[in-house]
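*Asks:* Could you work out the structure for the sequence below:
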Amino acid sequence: MEHTIQLLHLGGENRIRASRTLRDDCEDISVTAEPDTSSAISTLETDPDRYDCVLSVHAPPAFDAIERYRRFEQHPTVRTPPFVVLADAESETVAVEALNAGIDGYVQADTSDTSQRL
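*Replies:* Purely as a prediction, here's the structure:
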């Protein structure tokens with residue numbers, strides 16, 4: 001029996017569209033989209049072992065994935081699954097900052113194989 005990857009997706013206005021794209025591109029991914037960090041933390045509190053990965057859009061200043069990660073890590077009762085940043089292409093600085101902060105992975109958005117690399 002194959003395992004369906006449970007992905008908790010934190011995004012901005014385009015989170016629903018991005019979640020549909022992920023679902024369409026990868027049949028073995030189940031995506032739950034949350035609008036903000038507080039909602040995602042509540043989701044993880046409710047079902048702490050359900051999610052295999054958190055994917056956070058990085059589009060500062062409104063959606064700073066590194067700051068979101070820090071809020072997850074500082075939360076006293078939430079075990080954070082692997083945390084991956086999805087950022088615009090050509091943003092190596094963000095990748096370095098994310099990895100230095102302890103984030104598990106970084107994927108560039110808007111490339112032809114983004115869904116597959118996740």
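
*Asks:* Poorly predicted segments of the protein, please.
*Replies:* Within the chain, the stretches with pLDDT under 70 are 1, 12-27, 89-90, 110-118.

*Asks:* And the helices in it?
*Replies:* Counting by DSSP state H, the chain has these helices, from start to end: 15-25, 37-46, 65-74, 92-101, 114-117.

*Asks:* Can you work out which other helices and strands pack against the third one?
*Replies:* Using 3 or more Cβ pairs under 8 Å, 6 or more residues apart in numbering; DSSP states H and E, the elements in contact with helix 65-74 are helix 37-46, strand 53-58, strand 83-87, helix 92-101. For the C-beta atoms, the positions are set from N, CA and C on the backbone; glycine is no exception.

*Asks:* In JSON lines, list these along with distance to residue 67 and mean neighbour count.
*Replies:* Compiled in JSON lines, the helices and strands packed on helix 65-74 are given as follows (distance: least, Cβ to Cβ, whole Å; neighbours: other Cβ atoms under 10 Å):
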{"stretch": "helix 37-46", "distance to residue 67": "8", "mean neighbour count": "16"}
{"stretch": "strand 53-58", "distance to residue 67": "10", "mean neighbour count": "24"}
{"stretch": "strand 83-87", "distance to residue 67": "11", "mean neighbour count": "24"}
{"stretch": "helix 92-101", "distance to residue 67": "9", "mean neighbour count": "14"}
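
*Asks:* Right, I'll leave it there.
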